[in-house]
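*Asks:* Output the structure for:
(one chain, ligands or ions: 2)
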Amino acid sequence: MPSLDTELDTARRIAREAGALLLEVYATPFSVEDKAGGQGPVTEADTRANALIVEALRRAFPGDGVVAEESDNSAAAGRFERCWFVDPLDGTQEFVNRNGEFAIHIGLAIGTEAVLGVVYRPVGDTLYSGVVGQGGFVEKAGARRALRVSDVAEPASLRLVVSRSHRSKLTNQVVARLGITREQESGSVGVKCGLLAESQADLYLHVSDKSYRWDNCAPEAVLRSAGGILTDLGGTPYRYDGSELQNLRGLLACNAAAFPHVQPVVTRFAREAGLIT
Ligand SMILES: Nc1ncnc2c1ncn2[C@@H]1O[C@H](COP(=O)(O)O)[C@@H](OP(=O)(O)O)[C@H]1O
Ligand SMILES: [Mg+2]
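*Replies:* Ligands and ions are numbered 1, 2, ... in the order given. Got it, this is the predicted structure:
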């Protein structure tokens, strides 16, 4: 793996700039619209942060592809060896609900793999960043700590984190089968993977076909830099080569120690529910 120091510094700087923009809008009585196709709410914060991040990435890395949630992505993916995946505001529902659980995702994929990720949560000023194989860090209000997932392997001892706004029946079934008793809710795929990467949670399930690669690219890189694993509900890693943008088979994020115990159970329930074949 080549050094990605420039990419990491640039993505971190852009994420902080976009974070300031999100907070500016957050402080106003912004209006909310519904996206076409039942894709949830969208605000001027989503579109303005999208424009800021895409323009800054294109300027810094003109040879790279950029796929972003609020952009027209029909031409971008699949044509570049290196491609950025951007979610300018992950957890828009939480932004609208004003509970602070939203984040900016800037991830870089090389070939088929997510390799670098920045997840920035502006409320609380928490920045997760990492490069797969080279480690990651969390910075909160000036203090910096290395990321490392937990080593809890016993399924009944796992701390689950799930969506605040998109809970599913299948998650309840897995929780009952594994005997999980500790769980917390949080908005944003990136914030949830960040909690795993800093060992504040051990397992995260997203049971729907309604997320996209910009939801998981940066979170996956951060999580893997901390020793964690992110796959579809069948236990297969997603590819970031542009052949598919929608995460049709849900998300399973876990520490490495528990993954072999959890994945077969999750996969069985997901198969029975028809979410995967
Ligand atoms: N009905 C639904 N069920 C599950 N996930 C959904 C959904 N609608 C949207 N999502 C996806 O889940 C992401 C994070 O959700 P959560 O915060 O609940 O974990 C959302 O990101 P965006 O907020 O960027 O659209 C969106 O991609
Ligand atoms: Mg999102």
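*Asks:* okay, CA-based contacts and neighbour counts for the rest of this
*Replies:* OK.
*Asks:* Next up, the contacts around the residue of the chain most remote from its centre.
*Replies:* The outermost residue of the chain relative to its centre, with distances by C-alpha atoms, centre = their mean, is Pro29 at 26.9 Å. Under the criterion of C-alpha atoms under 8 Å, 6 or more residues apart in numbering, Pro29 has no neighbours.
*Asks:* Break down the stretch 101-250 of the chain into its strands, ranges please.
*Replies:* For the stretch 101-250 of the chain, applying DSSP state E, counting those that start in this stretch gives strands covering 103-110, 113-121, 126-131, 135-140, 143-146, 159-163, 182-186, 203-206, 211-212, 228-231, 246-247.
*Asks:* Figure out how far the second one is from the centre of its chain.
*Replies:* Strand 113-121 sits 8 Å away from the centroid of its parent chain (C-alpha atoms, centre = their mean, to the nearest Å).
*Asks:* Check which helices and strands that strand sits against.
*Replies:* For strand 113-121, the packing partners by 3 or more C-alpha pairs under 8 Å, 6 or more residues apart in numbering; DSSP states H and E come out as helix 5-26, strand 103-110, strand 126-131, helix 189-197, helix 213-225.
*Asks:* Go through these and pick out the most buried.
*Replies:* Across those, the average number of neighbours (mean count of other C-alpha atoms under 10 Å) peaks for helix 213-225, which reaches a mean of 31.
*Asks:* which bits of the stretch 1-150 of the chain sit near ligand 2?
*Replies:* Contacts of the stretch 1-150 of the chain with ligand 2, taken as C-alpha under 5 Å from the ion, map to Asp90.
*Asks:* Residue of the stretch 1-150 of the chain closest to ligand 2, please.
*Replies:* As assessed by C-alpha to the ion, ligand 2 sits closest to Asp90 within the stretch 1-150 of the chain, at 3.7 Å.
*Asks:* And the stretch 151-277 of the chain, by the same measure?
*Replies:* Asp215 (4.5 Å).
*Asks:* tell me the contacts of the nearest residue to Gly135 once chain neighbours are set aside?
*Replies:* Take Gly135 and drop its neighbours on the chain: the residue closest to it by C-alpha to C-alpha, 6 or more residues apart in numbering is Ser225, 4.6 Å away. For Ser225, the contact set (C-alpha under 8 Å, 6+ apart) comprises 130-136, 147.
*Asks:* Can you classify the residue farthest from the centre of the chain as helix, strand or coil?
*Replies:* coil (DSSP: H, G, I helix; E, B strand; the rest coil).
*Asks:* What does the pLDDT read for it?
*Replies:* Confidence at Pro29, expressed as pLDDT, is 97.
*Asks:* And stretch 169-182, what's buried?
*Replies:* 170-171, 174-175, 178, 180 (16 or more other C-alpha atoms under 10 Å).
*Asks:* could you dump those to CSV with pLDDT and distance to ligand 1?
*Replies:* What follows is the buried residues of stretch 169-182, written out as CSV (pLDDT from 0 to 100; distance: C-alpha to the nearest ligand atom, whole Å):
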residue, pLDDT, distance to ligand 1
Leu170, 94, 12
Thr171, 95, 12
Val174, 96, 17
Val175, 97, 17
Leu178, 98, 21
Ile180, 98, 19
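*Asks:* near ligand 1, which residues of this structure?
*Replies:* For the chain, the residues found near ligand 1 under the criterion C-alpha under 6 Å from any ligand atom are 39-40, 89-93, 163-166, 187-189, 208, 210-211, 215.
*Asks:* CA atoms of stretch 133-145 as PDB?
*Replies:* As requested, the backbone C-alpha atoms of stretch 133-145 are provided in PDB (Å, rounded to 0.1, in the frame of the first residue of the first chain):
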ATOM      1  CA  GLY A 133      -3.400  -1.900   7.500                       C
ATOM      2  CA  GLN A 134      -1.900   1.400   8.900                       C
ATOM      3  CA  GLY A 135      -4.200   2.000  12.000                       C
ATOM      4  CA  GLY A 136      -6.600   4.800  12.800                       C
ATOM      5  CA  PHE A 137      -7.300   7.500  15.300                       C
ATOM      6  CA  VAL A 138     -10.200   9.300  17.000                       C
ATOM      7  CA  GLU A 139      -9.800  12.900  17.900                       C
ATOM      8  CA  LYS A 140     -12.300  14.500  20.300                       C
ATOM      9  CA  ALA A 141     -11.900  18.200  21.200                       C
ATOM     10  CA  GLY A 142      -8.200  18.200  20.800                       C
ATOM     11  CA  ALA A 143      -7.300  14.800  22.400                       C
ATOM     12  CA  ARG A 144      -6.100  12.000  20.000                       C
ATOM     13  CA  ARG A 145      -6.300   8.200  20.700                       C
END
